[in-house]
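Asker: No sequence on hand, only this structure:
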């Protein structure tokens, strides 16, 4: 139908709208940020994003700044594998070429294990007297992969000691959840302790159990996800158990999107915590060995277990949490190099964050 002429510093390009399609819909279909353009018709008059262009109509969309629009190129190269079970978005080479990397099951777990083992190696190098490390082990997808990688690390490093702490989270069938996590621990040779809901509530001082905590949480935070309470519950229990047992570190299964969503939230609140893979809280080191691993890869390596967890999820009620995770997904997909930097800020090249000394005016 109509034509949008996107005008940038480097070049101009045209986009044809479809029948009945608004300018906004056309820009989004092409992966172009509508917020980044100033729109005028051929006479210089205002043009709305909600406008549907007629045949032969044209609008000019002027880029508000001069970013490199090549980063919006939707094309992608594919690193194919026979018998692939999973794929992730990555930035390949010095040119950061968007690449869809496929994995067989064996390649996928090897890829994850390489990242996990490096986190453990670095931690033990920095803390040679760390002793037994605690693992917050769930029966979910992240827990399944953490358990598999921790078991493999134990076999390759006989002097290392792990202890898994398994607890009910208040939302799933208690017996099924605990049994699933115990099966993971036993399969991969992880010593473990089990805390049912009553045990957990008692250790945390909730004499009326998880239900009373959930009722209070719903009352005080009606627009937040109940799942957040379960996360706090598991974390606080692990802090308490680790402190009581004299363990200095706890492993959690936070993945790449968890890390990005959290850092986006921190940016909103102005409360920047130390980046992963290791962060201290309440005198205990939090270790997140999956901090660079997309959940898409984690869940694809154990479909049956992932489907079990998906079936038990509750509907979202939080706009903020949903928005943070959708932003995280977009970052991982469209800007994989930026996603890696969110996870590990140390990889970002030095930039001019302050005026160079030679530019600062000095009094005569």
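Answerer: Yep, it's here. Given the structure is predicted, the values throughout are model-derived calculations rather than measurements. Numbering: from 1, shown residues only.
Asker: what ranges do the helices span in the stretch 101-250 of the chain?
Answerer: With DSSP state H, counting those that start in this stretch as the criterion, the stretch 101-250 of the chain has helices at 105-126, 141-156, 174-187, 197-204, 209-220, 226-245.
Asker: residues of the longest one that come out buried?
Answerer: Which is helix 105-126. Neighbour-count burial for helix 105-126, counted by 16 or more other Cβ atoms under 10 Å, picks out 107-109, 111-113, 116-117, 119-120, 123. No exception for glycine: its C-beta is placed from N, CA and C like everyone else's.
Asker: likewise the fourth one?
Answerer: Under the neighbour-count criterion of 16+ other Cβ under 10 Å, helix 197-204 has 197, 200-201, 204 buried.
Asker: Pull the number of nearby residues for the residue lying closest to residue 282 once chain neighbours are set aside.
Answerer: Distances taken as Cβ to Cβ, 6 or more residues apart in numbering place residue 239 nearest to residue 282, at 5.1 Å, with adjacent residues excluded. Other residues near residue 239 come to 19 when the count uses other Cβ atoms under 10 Å.
Asker: Equivalent analysis for residue 42, please.
Answerer: 11.
Asker: Read off the pLDDT value for it.
Answerer: In this model, residue 42 is scored at 91, pLDDT.
Asker: Tell me the spacing between the nearest residue to it once chain neighbours are set aside and residue 6.
Answerer: Using Cβ to Cβ, 6+ apart and skipping residues adjacent in sequence, the residue nearest residue 42 is residue 58, 5.6 Å away. Computed with Cβ to Cβ, to the nearest Å, the distance linking residue 58 and residue 6 is 11 Å.
Asker: Of these two, which one has the most company?
Answerer: Per other Cβ under 10 Å, whichever of residue 58 and residue 6 has more neighbours is residue 6, with 20 against 13.
Asker: any idea which helix or strand carries that one?
Answerer: Under the criterion of DSSP states H and E, residue 6 resides in strand 3-7.
Asker: neighbouring strands for that strand, and are they parallel or not?
Answerer: strand 12-16 (antiparallel), strand 58-63 (parallel) (DSSP bridges).
Asker: Tell me which residue lies nearest the centroid of this structure.
Answerer: In the chain, the centroid-proximal residue (Cα atoms, centre = their mean) is residue 257; its distance is 0.9 Å.
Asker: That one falls within a helix, correct?
Answerer: Yes. Checked against DSSP: H, G, I helix; E, B strand; the rest coil, residue 257 lies within a helix.
Asker: Number the chain from 604, please
Answerer: Noted, 604 is the first residue going forward, which turns the last one into residue 860.
Asker: Quick one: residues contacting the closest residue to it other than its chain neighbours.
Answerer: In space, and not counting its chain neighbours, residue 860 is closest to residue 931: 4.3 Å by Cβ to Cβ, 6+ apart. Contacts for residue 931 (Cβ atoms under 8 Å, 6 or more residues apart in numbering) come out as 859-860, 863-864, 867, 942.
Asker: Kindly recompute the last result at 10 Å.
Answerer: 858-867, 897-898, 942, 945 (Cβ atoms under 10 Å, 6 or more residues apart in numbering).
Asker: Look at it and give its secondary structure.
Answerer: helix.
Asker: What separation is there between it and residue 762?
Answerer: 37 Å.
Asker: Pass me the low-pLDDT residue ranges in the stretch 804-953 of the chain, would you?
Answerer: Counting by pLDDT under 70, the stretch 804-953 of the chain shows low-confidence ranges at 950-953.
Asker: Quick check: mean pLDDT of the host helix or strand of residue 703?
Answerer: Element membership of residue 703 [criterion: DSSP H and E] is strand 700-706. Averaging the model's pLDDT scores along strand 700-706 yields 91.
Asker: Now for the contacts of residue 931, which sits with the most neighbours around it?
Answerer: residue 859 (27 neighbours).
Asker: Would you list the phi and psi of the closest residue to that one other than its chain neighbours?
Answerer: Nearest residue to residue 859, sequence neighbours excluded (Cβ to Cβ, 6+ apart): residue 897, at 4.9 Å. When read as degrees, to the nearest 10, the backbone of residue 897 gives phi -70, psi 140.
Asker: cool, the one 3 residues further on as well?
Answerer: As for residue 900, its main-chain torsions (degrees, to the nearest 10) stand at phi -80, psi -40.
Asker: Wait, residue 853 touches residue 889, no?
Answerer: Yes. Look at residue 853 against residue 889 with Cβ atoms under 10 Å: they come within range, at 6.1 Å.
Asker: Would you mind listing the residues touching both of the two?
Answerer: What both residue 853 and residue 889 touch, as defined by Cβ under 10 Å, 6+ apart, is the set 739, 838, 841-842.
Asker: Out of the residues you listed, which comes closest to residue 831?
Answerer: Nearest to residue 831 among the shared contacts of residue 853 and residue 889 is residue 838, at 10.6 Å by Cβ to Cβ.
Asker: Name the secondary structure element that contains residue 889.
Answerer: Applying DSSP H and E, one finds residue 889 within strand 887-890.
Asker: just checking, what packs against that strand?
Answerer: If you count contacts as 3 or more Cβ pairs under 10 Å, 6 or more residues apart in numbering; DSSP states H and E, strand 887-890 packs onto helix 708-729, strand 736-739, helix 829-848, strand 852-854, strand 881-884.
Asker: Columns distance to residue 613 on top of the ones you listed, output as CSV?
Answerer: As requested, the helices and strands packed on strand 887-890 are arranged in CSV below (distance: least, Cβ to Cβ, whole Å):
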stretch, distance to residue 613
helix 708-729, 36
strand 736-739, 49
helix 829-848, 44
strand 852-854, 46
strand 881-884, 41
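Asker: which one of these lies closest to residue 640?
Answerer: With Cβ to Cβ as the yardstick, what comes closest out of these is helix 829-848 (36.8 Å).
Asker: Good, wrapping up.
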